[in-house]
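Colleague: sequence first, predicted model second:
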Amino acid sequence: MATQHSRSAARIMMAPAVILLLGWMLIPLTMTLVFSFKKYLPMRGGDLGWVGFENYVRFVTSSAFWPAVGTTLVIVGGVLVITVVFGVLLAMLLDQPMWGQGIVRLLVIAPFFVMPTVSALVWKNMFMDPVNGLLAHLWKFFGAQPVEWLSDASMTSIIMIVSWQWLPFATLILLTAIQSLDSEQLEAAEMDGAKPLSRFGYIILPHLARAITIVVLIQTIFLLSIFAEIFVTTQGSFGTRTLTYLIFQRVLESQNVGLGSAGGVYAIILANIVAIFLMRIVGKNLDA
Amino acid sequence: MARAVTTQRKTINTIFAWAVGLLIFFPILWTILTSFKTEATAIADPPVFLFFDWTLENYAVVQERSNYMRFLWNSVIIAGGSTILGVIIAVPAAWSMAFVPSKRTKDILLWMLSTKMLPAVGVLYPIYLLFIKLGILDTRVGLVVVMMLINLPIIVWMLYTYFKEIPGEILEAARMDGASLREEIIHVLTPMAVPGIASTILLNFILAWNEAFWTLNLTAAKAAPLTAFIASYSSPEGLFYAKLSAASVMAIAPILVMGWFSQKQLVRGLTFGAVK
Amino acid sequence: MKLKNALVAVSALVSVAATAAYAETLTIATVNNGDMIRMQGLTDDFTEKTGHEVEWVTLEENVLRQRVTQDIATQGGQFDIMTIGMYEAPIWASNDWLVALDDLSEDYDADDILPAMRDGLSYEGTLYAAPFYGESSMIMYRTDLMEAAGLEMPDAPTWDFVKEAAIAMTDKDNEIYGVCLRGKAGWGENMAFLTAMSNSFGARWFDEDWNAQFDSEAWANTLTFYLDLMEQAGPPGASTNGFNENLALFQQGKCGMWIDATVAASFVTNPDDSTVADKVDFALAPDMGKGPRGNWLWAWALAIPAGTEKEGAAKEFIEWATSKEYIELVAENEGWANVPPGARTSLYENENYKDIPFAQMTLDSINSANPLQPTVDPVPYQGVQFVAIPEFAGIGTQVGQEFSAALAGQQTAEEALEKAQALTTDEMEAAGY
């Protein structure tokens, strides 16, 4: 269908977006690459010359590196599992006939509008504080010893906070997908005597597969770089130091730009590994 | 066709859904309530829920201490400007990807998304130096451009998925009638894609509004948006729950209200091609 | 007639332009502490006197530090005045990043600045940042709880007494904890406290050849004592408590003793915020009989980044904000208890200020800290609760995270010290020591 003419027109129309993003990617990336091969200490006079792969070796052999990669993957994975599982359940619930559906939907999507900084502050101070937090009061009410959330259950806490922020997004996309499900098909299955569980397994879940992969893809992109939630709550203590946070510590706390830049390159590599992995799955769906 | 359900089932659904909805909304509700308490009431043990002396004092204190309207205005300009600019650049790109696909279209699309994975912290130094060179530190223009670039991949992708759902025959027909490419886009495509574009704009407005790394690190006094406003309340000395709550409510209220009002538009288009 | 009008208009415009060129707008980055926020409220007084306008960038401490360091290291030029601490001042000055404050006016009376503050904010004898307020640390304790425990606090207690008293005051069923100490990770949080404490135990960060000393017995004693004290008499969740969290706990009457910044004294004795305002007294930070006490020395100070075009106006602001007149202005508006403390000798000679219950103890604490010789054994660095080298912020925070994890019970003191030793050695090597 496409003529030669429209093809070249298409190329021109795509150009601004492609060129801008290429610049946005290449300029900082090149500068990061250059820094990563230098001893660059702003507090000690800045550029102190080339050092080859020293920064790369140092970054990866630091005892903090592999735990940071692990933490990153656990947070991303944990949030994905929680938001997808609860997102599906919530979407199915919201799809049921009920009174005040609109208002319930407003309540459910509200966390998505909250700035990450604000949500982290609110959770940290007003809920997870072991003395004055609401959860501590709840625990005490039931006669239990309040949990020291941000130190004893630090990863759980962070996954909880981030999941709370992203659950609405997953729910909305999944809800739209469920609503597009042919209700006659479901009714037919119901009449044939299919149990709710098998209706869910054989009809609803396959129908949602595409929506789920998209939720996973989009969320992963955002979750790999979460920062504010950790900066506000634990500052990377108690095993919550992600790769992003480790780079932050190298660049801004230790003021070692060369080392941090090498970390940045590793983070890009990790992101791309995850991306390729994801694209494999999602790519199939995009073809259709 | 709506499925027929018994009143009993509907009642159970309603109770259950409301319970879940309120649970999810509760942190926000609690923040709003706390913002109307005195500092002493805010940490009362046991916590008080509704029956306390409501006060506006915290809002007065926050307003007195910082010029809220300026932060708000910067947030509106940065989020709005970057979204509009992004859509203007993304519509033609998404159009050509959707209607004149080539072998590389999918690769380009996925590559665009992958640029979003660049860890912001890792490139802060280069970008900061670049901004100094260009003299756009602490300017709204600089932030509009950065936020646009950050969200551009998402905008392109969302628009691409909507455009793809538009049947090609309609465009063919328009072309037969002698419509030029421009007319085709403006008069045929855009009206059909309005729900999608609206939802794209809303989503990206929200994302840009809430972005807290670049907006904080590339601004000082002049272009600082609400994310910087909140950074001055995160842990002041002494009891601060009520003031923190008031500042939090002021930071999220505009976007929350906007989001709620435009909820239908947002939801209708928020599919990312998940529905076929 | 018309011509005359036009001329009047033009000359009016010219004179407006002339004053506008003179009146600058200063961008000032500052921390969101109570004294700074009070200063913001009084900015009109400065504008009235000088014609200069001020735009405030108020940020939480961690964010502020990140922003100003980033900006100064890249010569970003975003701020005309930065609020910095005693840690940054000598390091930045040695990089020629700050304007020397050696030509302040006669009226300003720079010699009136407390000697300890002056030393800490100078580099090679020249002042580079003017102290807005200064602090040390001391013990704040509840007189009623101390009495109920049948003990009497000496003016200069030992760590052993503090431990005995803390355990005696603790009543966990009623949420009374004998001692509240910083546990939140960060070089300016738990490490400020622990480094100062370690000085009194005879420990040091580095020996004279910059070798990390966490494998020393003195550090083992420090950390074990701290962990044991906190386990027996500390509040729950102590590993996430910083200054603000402990302040809130103390104000609610949940702490028997609190060893922290002297500036906190005005908050805990303020009946508007504190439920225990009339039951608080003060003592010097504890020691171990080895010489140094476990108190630190800090100042929030105003400095001018080199290269600013508004140096003149910035100096005017600094002279205004750290002057004797400013102190009187605050006293007039908010009372003597709320003036910025710890910066000027004259304040402590002022009759009005002598009645303030914590004034003398604050001064004694500040005077008992020695930034030039903080430890028992000799060290190659300056700074009481920090090491004034650029790498310290990064190292201190990471070591702080290990100690914080030990406080949370996630590792033992030995493990924490071992990791601290390894990572400090590693970082120092990366920096080229």
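Modeller: Everything's here; your move. As the structure is a prediction and not an experimental result, all values here were calculated from the model. Numbers count the residues shown, from 1 in each chain, chains lettered A, B, ... in the order given.
Colleague: ok, the nearest residue to C:A73 once chain neighbours are set aside to C:D71 distance?
Modeller: Spatial nearest neighbour of C:A73, excluding adjacent residues (CB to CB, 6 or more residues apart in numbering or on different chains): A:P42 at 3.5 Å. To be clear about C-beta, it is placed using only N, CA and C from the backbone, and glycine gets the same treatment. Distance, A:P42 to C:D71, using CB to CB, to the nearest Å: 11 Å.
Colleague: before we move on, the earlier item: the residue nearest to C:A73 against A:G260, yeah?
Modeller: No - in this structure, A:P42 is not within contact of A:G260 by CB atoms under 8 Å, at 10.8 Å.
Colleague: more neighbours: these two, which one.
Modeller: More crowded of A:P42 and A:G260, by other CB atoms under 10 Å in any protein chain shown: A:G260, with 28 against 20.
Colleague: would you agree that one is in contact with A:Y245?
Modeller: No - with contact defined as CB under 8 Å, A:G260 and A:Y245 do not form a contacting pair (11.4 Å).
Colleague: would you confirm that C:A337 belongs to a helix?
Modeller: Yes - membership of C:A337 in a helix is supported by DSSP: H, G, I helix; E, B strand; the rest coil.
Colleague: what does stretch C:227-236 rub up against?
Modeller: A:130-131, A:145-146, A:148, C:162-163, C:166-167, C:169-170, C:177-181, C:183, C:238, C:241, C:249, C:254-256, C:406-407, C:413 (CB atoms under 8 Å, 6 or more residues apart in numbering or on different chains).
Colleague: filter the residues you listed down to the ones close to chain B.
Modeller: Counting by CB under 8 Å from any CB of the partner chain, nothing from the contacts of stretch C:227-236 sits close to chain B.
Colleague: report the buried members of these.
Modeller: Neighbour counting with 16 or more other CB atoms under 10 Å in any protein chain shown marks A:130-131, A:146, A:148, C:162-163, C:166, C:169-170, C:177-181, C:183, C:238, C:241, C:249, C:254-256, C:406-407, C:413 as buried within the contacts of stretch C:227-236.
Colleague: can you give me the strands in chain C?
Modeller: C:25-31, C:53-59, C:81-85, C:122-123, C:126-127, C:130-142, C:177-180, C:255-261, C:280-284, C:297-303 (DSSP state E).
Colleague: give me the pLDDT value at the closest residue in space to B:M148 that isn't next to it in sequence.
Modeller: Nearest in space to B:M148, with sequence neighbours left out and distances taken as CB to CB, 6+ apart, is B:S82 at 4.1 Å. B:S82 carries a pLDDT value of 96.
Colleague: what about B:S82, how many neighbours?
Modeller: Neighbours of B:S82 (other CB under 10 Å): 28.
Colleague: so it sits against B:A208, correct?
Modeller: Yes - B:S82 is in contact with B:A208 according to CB under 8 Å; the separation is 5.1 Å.
Colleague: what do those two both touch?
Modeller: B:M147, B:N151.
Colleague: get me the contact residues on the stretch 51-200 of chain B for chain C.
Modeller: Counting by CB under 8 Å from any CB, the stretch 51-200 of chain B sits next to chain C at B:E64, B:R65, B:S66, B:L124, B:Y125, B:Y128, B:L129, B:F131, B:I132, B:L137, B:D138.
Colleague: which residues does stretch B:254-270 contact?
Modeller: A:105-106, A:109-110, A:112-114, A:172-173, A:175-176, B:28, B:72, B:75-76, B:158, B:162, B:195-200, B:202-203, B:205-206, B:209-210.
Colleague: and if we set it to 6 Å?
Modeller: Here stretch B:254-270 makes contact (CB atoms under 6 Å, 6 or more residues apart in numbering or on different chains) with A:L106, A:F113, A:L172, B:P195, B:G196, B:A198, B:S199, B:L202, B:W209.
Colleague: any chance of a ChimeraX selection covering the buried ones in those residues?
Modeller: To isolate the buried members of these in ChimeraX, using 16+ other CB under 10 Å:
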select /A:106,113,172 /B:196,198,199,202,209
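Colleague: so which of the contacts of stretch B:254-270 is the closest to B:I170?
Modeller: Distances from B:I170 to these, taken as CB to CB, are shortest for B:G196 (14.9 Å).
Colleague: just give the closest residue to that closest one, not the sequence neighbours.
Modeller: B:Y162 (3.0 Å).
Colleague: any idea how far A:I212 is from that neighbour?
Modeller: Counting by CB to CB - B:Y162 and A:I212 are separated by 20 Å.
Colleague: ok, C:V268 next?
Modeller: 54 Å.
Colleague: tell me which of those two has more neighbours.
Modeller: Shown here are C:V268 and A:I212; by other CB under 10 Å, C:V268 has more neighbours (24 against 21).
Colleague: for that one, list the residues it contacts.
Modeller: Each residue near C:V268 by CB under 6 Å, 6+ apart is listed here: C:M140, C:F250, C:S274, C:V280.
Colleague: in a markdown table, list those along with neighbour count, pLDDT and distance to chain B.
Modeller: Output for these, formatted as a markdown table (neighbours: other CB atoms under 10 Å in any protein chain shown; pLDDT from 0 to 100; distance: CB to the nearest CB, whole Å):
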| residue | neighbour count | pLDDT | distance to chain B |
| --- | --- | --- | --- |
| C:M140 | 28 | 96 | 14 |
| C:F250 | 26 | 93 | 10 |
| C:S274 | 21 | 86 | 9 |
| C:V280 | 21 | 95 | 14 |
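Colleague: quickly check the residues you listed for the two that are furthest apart.
Modeller: Largest separation among these by CB to CB: C:M140 and C:S274, giving 10.5 Å.
Colleague: from A:A267, how far out is the most centrally placed residue in chain B?
Modeller: Nearest residue to the geometric centre of chain B (CA atoms, centre = their mean): B:I206, 0.8 Å. Using CB to CB, B:I206 is found at 25 Å from A:A267.
Colleague: what does B:A221 give?
Modeller: Applying CB to CB to B:A221 and A:A267 gives a distance of 31 Å.
Colleague: these two: which is more packed in?
Modeller: A:A267 (26 against 21).
Colleague: what's the nearest residue to that one if we skip its chain neighbours?
Modeller: B:P119 (4.3 Å).
Colleague: would you map the strands across chain A?
Modeller: Ranges of strands within chain A are A:38-41, A:46-50, based on DSSP E.
Colleague: who touches whichever residue of the stretch 101-250 of chain B sits closest to chain A in this structure?
Modeller: As assessed by CB to the nearest CB, chain A sits closest to B:G122 within the stretch 101-250 of chain B, at 2.4 Å. Counting by CB under 6 Å, 6+ apart, B:G122 touches A:I247, A:G264, A:A267.
Colleague: from these, which land in helices?
Modeller: Among the contacts of B:G122, the members found in helices (DSSP state H) are A:I247, A:G264, A:A267.
Colleague: return the residues of the stretch 101-250 of chain C in contact with chain A.
Modeller: C:A185, C:P236, C:G237, C:S239, C:T240 (CB under 6 Å from any CB of the partner chain).
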